[in-house]
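1. the following block contains a protein sequence and its predicted model.
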Amino acid sequence: AHPRPLRSGYLKVRDRQSYEFALTSAAVALHIRGGVIREAKVAAGGVGTVPWKLPAVEKHLVGERPSQSLWAEAAKQAADGARPLEHNRFKVELLQRTVERQLRIVGGTE
């Protein structure tokens, strides 16, 4: 059972040439009560061999009030620990932007 009110969503960013595979993706679930984020679940895909949770982003969100600046600050944590290679360095910024966009959509400030 999930706490209410739970807001969630999934965003898949794809290249125009290939609609099958994601360049990046973000799944976000937020439990917001009394105007404060009580629980956050954030996962990313398309940038590694398997999707993974983003605990640094989740930690940054819990206990805070939803805002544009919060989404941007939290999304900066999305690539913590990433070790991009020469030809996929662009995905670091793309991942951060994807996570920020999905946080804005789910958090209700878009």
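-> Now that the structure is in, tell me what you want to look at.

2. for the chain, longest helix please?
-> The residue-count maximum for a helix in the chain (DSSP state H) belongs to helix 90-107.

3. can you list the neighbours in contact with that helix?
-> For helix 90-107, contacts defined as Cβ atoms under 8 Å, 6 or more residues apart in numbering pick out 7-11, 13, 23-30, 32, 37, 42, 44, 46-47, 54, 57, 61, 66, 68, 70-72, 74-76, 78-79, 82, 84, 110. Where C-beta positions appear, they are placed from N, C-alpha and C, glycine not excepted.

4. secondary structure element for Ala72?
-> Using DSSP states H and E, Ala72 sits in helix 68-75.

5. off-centre distance for that helix?
-> In terms of Cα atoms, centre = their mean, to the nearest Å, the centre of helix 68-75 is set 10 Å apart from its chain centre.

6. list the buried ones in that helix?
-> Buried positions in helix 68-75, judged by neighbour count with 16 or more other Cβ atoms under 10 Å: Leu70, Trp71, Ala74, Ala75.

7. I'm done for today, thanks for sticking with me.
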